[in-house]
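Q: coordinates for the following, if possible.
(one chain, ligands or ions: 1)
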Amino acid sequence: MVKTIEWVNGTVMMLDQSRLPLEVSYIPCATYGKVAEGIQKLWIRGAPAIGIATAMGIALGAREITAGSYEDFMKGLDKVFDTLLATRPTAVNIKWAVDRVKGFLDRNRETGVARLKEMLVEESQRILDEDIRTNRAIGEWGAQFIKDGDTVLTHCNAGSLATGGYGTATAPMLVSREQGKKFSVIADETRPVLQGARLTAWELMQEGIPVTLITDNTAGALMRRGEINLAIVGTDRTVLNGDVANKIGTYTVAVLCREHGIPFYVAAPFSSIDFTIPTGDLIPIEERPAEEVTNVFGACRIAPEGVKVRNLAFDVTPARYVTAIITEKGAFRPDDIRRLSEPDADIDALRIRA
Ligand code: MRU
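A: Predicted coordinates:
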């Protein structure tokens with residue numbers, strides 16, 4: 001499994017996913033500004049991965065601050081937090097990472113600024129390590145939904161490249177493979193920037209999982225022919241009522257699944273659940289540059305100069321289309337997400353099985 005992001009001797013090494021699969025190259029980021037640029041330009045992408053990058057970016061930003069007192073150090077960090085928070089609005093993992101680091105700093109405020117700077121590096125490494133364990137647990141809870149002989153549709157890339165490792169939507173596939181099940185995957189190419197074609201297909205081929213690439217508009221036809229048994233996708237933000245934001249086109253897949261009686265699963269680490277927002281209508285949706293639509297892979301223009309473009313990076317799938325949300329604590333009905341936020345939630349009772 002290729003490493004998405006790594007802290008190496010005071011530098012964040014970021015796999016440049018915008019070049020994959022043509023080039024496997026790493027971009028060294030020595031400042032938090034460079035990390036923010038990497039998040040914005042999709043060198044690193046996928047909700048959990050950009051949460052990890054945020055934590056590492058904060059650790060870099062902290063090193064650029066000369067303040068001696070905790071209060072001045074925190075004032076300096078505000079700019080770092082704001083810069084990272086402004087990079088991509090939809091994935092809640094950026095805010096999740098900022099909030100987690102703020103809490104960590106507050107709990108350790110007596111430690112002294114010099115040591116805190118080192119501890120931020122350790123905390124970012126913990127976030128990365130926990131993410132890999134979380135993904136593995138999602139895989140273990142999710143594998144029950146994949147049966148021998150199934151064909152699984154996925155959209156965008158919620159694989160190991162989108163996380164610390166192992167992936168979220170791909171984790172049930174990896175665990176199913178370990179369990180000896182035979183199944184195959186269909187990857188939507190995922191216009192406009194082709195995460196499905198460039199990343200998911202590449203990643204699954206490296207894992208030796210049979211994968212077939214389709215254009216986004218082929219999914220409905222294959223469902224109608226009975227060639228897809230279930231869909232599993234990732235999420236950038238799942239909210240209290242179980243609505244789910246994910247890569248543009250996910251909503252279309254979910255509606256098609258409903259029409260054809262196909263289960264539609266969302267793999268969501270708790271770090272991607274925003275327990276502060278009641279419905280998906282309130283999720284901020286990122287709109288990205290027109291060039292992603294008018295050009296393919298940056299260089300090749302495919303649309304007339306001057307054409308008007310809408311480039312929504314994400315859409316919201318209402319909870320009613322979601323069969324289950326697979327987390328590291330089990331699979332749950334979307335309607336039960338609100339219950340999970342309650343301190344007395346009976347997780348065992350809420351869990352659903354295949
Ligand atoms: O624009 P991207 O490539 O960051 O979009 C990624 C997705 O939509 C993923 O499905 C989502 O972040 C979940 S990744 C585990």
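Q: give me the residues contacting stretch 281-296.
A: 88-90, 191-194, 237, 239, 243, 245, 274, 277, 298, 301-303, 307, 309-316 (C-beta atoms under 8 Å, 6 or more residues apart in numbering). Heads up, the C-betas are built off the backbone N, CA and C, glycines and all.
Q: give me the buried entries from those residues.
A: Applying 16 or more other C-beta atoms under 10 Å to the contacts of stretch 281-296, the neighbour count classes 88-90, 191-194, 237, 239, 243, 245, 274, 277, 311, 313-316 as buried.
Q: from the residues you listed, which are also near the ligand?
A: Residues of the buried ones among the contacts of stretch 281-296 in contact with the ligand (C-beta under 6 Å from any ligand atom): residue 313.
Q: identify the residues contacting the closest residue in space to residue 189 that isn't next to it in sequence.
A: Of all residues not flanking residue 189 in the chain, residue 197 sits nearest, at 4.1 Å (C-beta to C-beta, 6 or more residues apart in numbering). Residue 197 makes contact with 187, 189-190, 213, according to C-beta under 8 Å, 6+ apart.
Q: if we can go back for a sec, just the ones of the buried ones among the contacts of stretch 281-296 in strands?
A: 237, 239, 245, 274, 314-316 (DSSP state E).
Q: does residue 184 touch residue 205 like I think?
A: No - Residue 184 is beyond contact range of residue 205, at 11.9 Å (criterion: C-beta atoms under 8 Å).
Q: which neighbours do these two have in common?
A: Counting by C-beta under 8 Å, 6+ apart, the residues touching both residue 184 and residue 205 are residue 211.
Q: confirm that residue 99 sits in a strand.
A: No - read with DSSP: H, G, I helix; E, B strand; the rest coil, residue 99 is helix and lies in no strand.
Q: gap between it and the ligand?
A: Distance of residue 99 to the ligand, given as C-beta to the nearest ligand atom, to the nearest Å: 18 Å.
Q: what pLDDT does that residue get?
A: For residue 99, the pLDDT comes out at 98.
Q: do the same with the one 3 residues further on
A: According to the predicted model, the pLDDT of residue 102 comes to 98.
Q: which parts of the helix or strand containing it are buried?
A: If you go by DSSP states H and E, residue 102 is part of helix 93-107. If you call a residue buried by 16+ other C-beta under 10 Å, then helix 93-107 has these buried ones: 93-98, 100-101, 104-105.
Q: before we move on, what about stretch 160-178?
A: 160-177.
Q: for whichever residue of the stretch 101-250 of the chain sits closest to the ligand, which non-adjacent residue is closest in space?
A: Residue nearest to the ligand within the stretch 101-250 of the chain (C-beta to the nearest ligand atom): residue 234, separated by 2.8 Å. Counting by C-beta to C-beta, 6+ apart, residue 158 is the residue found nearest to residue 234 once chain neighbours are left out, at 2.6 Å.
Q: do the same with residue 280
A: residue 243 (2.8 Å).
Q: okay but the one you found is in contact with residue 319, surely?
A: Yes - at 5.2 Å, residue 243 and residue 319 qualify as touching, with contact defined as C-beta under 8 Å.
Q: next SSE after whichever strand or helix holds residue 122?
A: Using DSSP H and E, residue 122 sits in helix 113-142. Sequence-wise, the next helix or strand downstream of helix 113-142 (DSSP H and E) is strand 151-154.
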